[in-house]
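Colleague: I need the structure of the sequence given here:
(one chain, ligands or ions: 2)
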Amino acid sequence: MQPISLTQHLIEEQRRHANVNAELRLLVEVVARACKRISIALGKGALGGVLGEAGTGNVQGEAQKKLDVISNEILLEANAWGGHLAACASEEMADPYPIPDVYPKGNYLLLFDPLDGSSNIDVNISVGTIFSVLRCPEGVVNPTEKEFLQPGTQQVAAGYCAYGPNTLLVLTTGHGVNVFTLDREIGSFRLTRANAIIPEDTSEFAINASNQRFWEPPMQRYVADLLAGATGPRGRDFNMRWVGSMVGDVHRILTRGGVFIYPLDAKVKAKGGRLRLLYEANPMSFIVEQAGGAATTGRSRLMEVQPEHLHQRVPVFLGSKHEVETATRYHLDPAAA
Ligand code: AHM
Ligand code: MG
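Modeller: Residues are numbered from 1 along each chain as shown. Ligands and ions are numbered 1, 2, ... in the order given. Reported below is the predicted structural model:
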């Protein structure tokens with residue numbers, strides 16, 4: 001028998017859970033459809049003329065790739081007219097995007113990083129789309145930045161699409177994590193892993209080690225102890241991986257465990273961290289927690305951070321529960337770690 005489709009899965013969730021309604025179901029299906037289009041654009045590569053720089057910069061001061069811009073446009077266009085959104089916000093746009101007045105407005109706010117891991121696009125390494133869904137506060141017709149500033153605990157749904165050898169959609173609506181694989185022949189996402197669980201223990205970590213000299217002392221000690229391996233305080237050897245696309249690293253962790261860390265370091269301290277809270281760290285934290293893992297800022301639960309602005313950055317420690325707790329302990333209680 002064929003694995004069930006994303007549509008069937010969402011209809012079943014709607015029957016079981018009060019927070020999954022027809023509007024949220026439409027929203028997820030529209031995002032999934034946009035991700036299929038992004039996957040097709042990525043798949044054409046040089047033949048589609050989509051590689052290379054766009055020649056523009058985003059609000060974060062980063063140079064945009066052509067595919068950053070294309071992916072952002074695909075997501076905006078797909079989501080504008082369905083009547084399920086009040087507004088959306090993106091890594092690639094300084095301000096929230098209001099739903100045009102010609103279309104009806106819905107009850108949700110959508111945030112996304114249209115193409116995460118941009119530095120990997122031109123070298124044919126996995127990249128992804130990350131998204132987070134919030135409820136638009138009651139009575140607000142024209143949401144502004146303020147309405148998006150909700151802690152991660154308020155997310156109604158979150159997901160990512162990983163564009164690798166397969167195109168995968170990973171989704172949570174707060175009832176566990178499910179993984180769908182795109183059947184390219186029929187153009188449909190199929191449920192290939194239900195209720196994904198991250199092992200609580202791991203011997204694999206992901207960090208950009210070239211930043212080592214900028215790390216804070218607890219981080220220096222934590223990684224030194226991992227690298228000391230079987231003869232060090234941890235008593236076993238650890239393996240290291242760093243994709244350079246958070247989606248790739250998180251998906252590996254969802255599949256076989258591990259810990260992903262982008263800590264506060266002297267280079268990014270003034271900005272508060274490297275990764276963005278609302279459309280990178282929060283949706284990934286929601287997924288990881290729903291899969292039995294943990295996500296912190298190195299000091300406290302990530303999803304409880306109160307956002308102060310749309311493009312806020314945050315340190316990120318996420319993955320296998322016990323390892324995230326250990327890394328966090330190095331920061332909170334250096335003596336006991
Ligand atoms: P992007 O959204 O501009 O692609 O940046 C986010 C990416 C993450 O996917 C990845 O984990 C990180 O940046 C890599 O950073 P670095 O190049 O500092 O290792
Ligand atoms: Mg990103």
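Colleague: how near is the residue located most distally from the centre of the chain to D225?
Modeller: Ranking residues of the chain by C-alpha distance from their mean position (CA atoms, centre = their mean) puts T231 at the top, at 35.3 Å. Note on T231: its distance to D225, by CB to CB, to the nearest Å, is 11 Å. The C-beta positions use only the backbone N, C-alpha and C, and glycine is treated the same way.
Colleague: which bits of this structure sit near ligand 1?
Modeller: Counting by CB under 6 Å from any ligand atom, the chain comes close to ligand 1 at E62, E91, D113, D116, G117, S118, S119, N208, G244, S245, M246, R274.
Colleague: next step: those restricted to strands.
Modeller: Where the residues of the chain next to ligand 1 overlap with strands, as defined by DSSP state E, the overlap consists of D113, D116.
Colleague: which of the residues of the chain next to ligand 1 fall within helices?
Modeller: Taking DSSP state H, the ones among these that sit in helices are M246.
Colleague: buried subset of the residues of the chain next to ligand 1 as a PyMOL selection?
Modeller: Here is the PyMOL command that picks out the buried ones among the residues of the chain next to ligand 1, judged by 16 or more other CB atoms under 10 Å:
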select buried, resi 91+113+116+117+118+244+245+246+274
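Colleague: show me which pair in the residues of the chain next to ligand 1 is furthest apart.
Modeller: Set against one another by CB to CB, these have their most distant pair in E91 and N208, with a gap of 18.8 Å.
Colleague: which strands or helices does the longest helix seen in the chain pack on?
Modeller: The helix that spans the most residues within the chain, counting by DSSP H, is helix 22-44. Using 3 or more CB pairs under 8 Å, 6 or more residues apart in numbering; DSSP states H and E as the contact test, the elements touching helix 22-44 are helix 6-16, helix 66-80, strand 108-116, strand 127-135, strand 157-163, strand 167-172, strand 178-183.
Colleague: adding distance to ligand 2, write those out as a markdown table.
Modeller: Below are the helices and strands packed on helix 22-44 laid out as a markdown table (distance: least, CB to the ion, whole Å):
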| stretch | distance to ligand 2 |
| --- | --- |
| helix 6-16 | 23 |
| helix 66-80 | 9 |
| strand 108-116 | 4 |
| strand 127-135 | 7 |
| strand 157-163 | 10 |
| strand 167-172 | 16 |
| strand 178-183 | 20 |
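Colleague: one step back: dump the residues of the chain next to ligand 1 to a markdown table, plus pLDDT.
Modeller: Listed next are the residues of the chain next to ligand 1 as a markdown table, based on pLDDT from 0 to 100:
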| residue | pLDDT |
| --- | --- |
| E62 | 83 |
| E91 | 95 |
| D113 | 97 |
| D116 | 96 |
| G117 | 95 |
| S118 | 90 |
| S119 | 91 |
| N208 | 97 |
| G244 | 96 |
| S245 | 98 |
| M246 | 98 |
| R274 | 96 |
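Colleague: circling back to that earlier point, angle of the next helix or strand after the longest helix of the chain against helix 66-80?
Modeller: Using DSSP states H and E, the helix or strand that follows helix 22-44 towards the C-terminus is strand 53-57. Taking axes from the mean of the first three to the mean of the last three CA atoms, to 10 degrees, one finds strand 53-57 and helix 66-80 inclined to each other by 70 degrees.
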